[in-house]
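J.: Predicted model follows, preceded by the sequence.
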Amino acid sequence: MTYTNKYNLPTSIISALEADAYDDGGAHITASSLWKPTQIVALTRKHGEEIQTDASDHLLSLLGTAFHNMLAAHDTEAVIEKRLFAEVAGRTISGQFDRLIVGDGILQDYKVTSVTRFQHQLRETEWENQLNTYAWLLRRHGIEVKALQIVALLRDWNEFMSERTLDYPNLMLQVADIPLWSPEEAERRIEARVLEHENPSPCTDAERWHRPPTYAVMKNGRKSAVKLFSSESEATAFISQASDSRHLYLEVRPGSYLRCEKYCSVAPFCPQVSNALAHQD
């Protein structure tokens with residue numbers, strides 16, 4: 001991967017990004033890549049040296065690295081940032097956990113993220129998959145993990161919101177418990193996922209972060225929508241029943257694949273994206 005600099009950022013930013021290149025220790029796959037879409041992992045492996053990405057898209061990763069390094073430099077009670085290796089289904093998996101409090105068996109992972117993503121991820125499986133893979137690696141090395149936690153620095157936390165919104169985080173730093181798989185479940189899930197990477201498949205709509213089309217009821221002389229609908233039939237029914245229907249009209253807002261369009265470094269090499277573009281022409 002090479003970094004471009006279209007915004008003419010200080011050269012120190014580019015140097016820092018290049019120096020922070022991830023080292024998998026020669027493993028077939030890492031704990032984090034294991035749970036990424038199989039097609040993205042395969043294309044990254046094939047086209048890694050051809051991938052270009054702009055430095056401006058990685059500024060948050062610098063913030064995350066700084067957070068990790070500062071805490072690691074001053075941790076006196078835990079084992080930190082140790083890389084482990086284990087084999088499953090003939091493949092080597094590696095993973096470097098952030099922090100293990102050995103006496104309590106608590107495995108923690110640091111995240112710098114937004115409030116919205118923090119709240120969303122606690123309901124999803126991305127962090128759960130990653131931390132349970134670290135726990136599986138530790139178990140393979142004779143260390144039993146009793147609890148998993150995310151230590152999250154919420155970069156956009158707002159004190160005003162915390163005082164006035166019931167479900168808003170009360171502090172900028174949050175420690176959240178993550179479900180821990182049983183040893184049997186971890187073995188089953190991880191082996192199955194390794195085998196899935198042996199035969200990469202096209203990304204699903206969920207993996208492409210699909211946003212379905214919306215149907216906006218618009219009004220003459222007004223810029224914003226009167227109302228948004230998920231189906232054309234609901235939108236047309238609303239217009240037909242409205243007292244001012246003669247001033248209303250339907251505007252179809254196409255769906256999109258957000259990851260493909262903005263957040264996938266291998267999109268230029270992806271046959272799925274190429275096919276989609278070909279059908280648009």
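T.: Sure, I can see it.

J.: What does Phe229 show for phi and psi?
T.: Note on Phe229: its backbone torsions stand at phi -130, psi 160 [degrees, to the nearest 10].

J.: Oops, could you answer that again for Ser162 instead?
T.: Torsion angles, degrees, to the nearest 10, at Ser162: phi -70, psi -30.

J.: distance of it from Ala73?
T.: 29 Å (C-beta to C-beta, to the nearest Å). Heads up, the C-betas are built off the backbone N, CA and C, glycines and all.

J.: Identify the bridge partners of the nearest residue to Ala72 once chain neighbours are set aside.
T.: Ranked by C-beta to C-beta, 6 or more residues apart in numbering and with sequence neighbours excluded, the top spatial neighbour of Ala72 is Ile80, at 4.9 Å. Note on Ile80: beta-bridge partners Arg99, judged by DSSP bridges.

J.: Secondary structure class of Pro169, three-state.
T.: For Pro169, the assignment made with DSSP: H, G, I helix; E, B strand; the rest coil gives coil.

J.: whoops, I mixed them up, Ser224
T.: The three-state assignment at Ser224 reads coil, by three-state DSSP.

J.: how near is it to Gly255?
T.: Taken as C-beta to C-beta, the span from Ser224 to Gly255 is 20 Å.

J.: Give me the more crowded residue out of these two.
T.: Gly255 (12 against 8; other C-beta atoms under 10 Å).

J.: about what we covered before: out of Ser162 and Ala73, which sits in the more crowded spot?
T.: The residue with more neighbours, out of Ser162 and Ala73, is Ser162; 15 against 8, by other C-beta under 10 Å.

J.: residues contacting that one?
T.: 168-171 (C-beta atoms under 8 Å, 6 or more residues apart in numbering).

J.: Filter those down to the buried ones.
T.: Buried subset of the contacts of Ser162 (neighbour count, 16 or more other C-beta atoms under 10 Å): 168-169.

J.: Looking at the contacts of Ser162, which is nearest Val266?
T.: When the contacts of Ser162 are compared for distance to Val266 (C-beta to C-beta), Pro169 wins out at 33.6 Å.

J.: which residues of the stretch 101-250 of the chain fall in strands?
T.: 106-113, 147-154, 173-178, 210-211, 214-219, 227-229, 248-253 (DSSP state E, counting those that start in this stretch).

J.: What strands flank the shortest one, and is each parallel or antiparallel?
T.: Using DSSP bridges, the strands paired with strand 210-211 are strand 256-257 (antiparallel).

J.: returning to what we had before: please produce CSV containing the contacts of Ser162, extended by pLDDT and distance to Met218.
T.: Shown next, in CSV, are the contacts of Ser162 (pLDDT from 0 to 100; distance: C-beta to C-beta, whole Å):
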residue, pLDDT, distance to Met218
Tyr168, 96, 33
Pro169, 97, 37
Asn170, 96, 41
Leu171, 97, 43
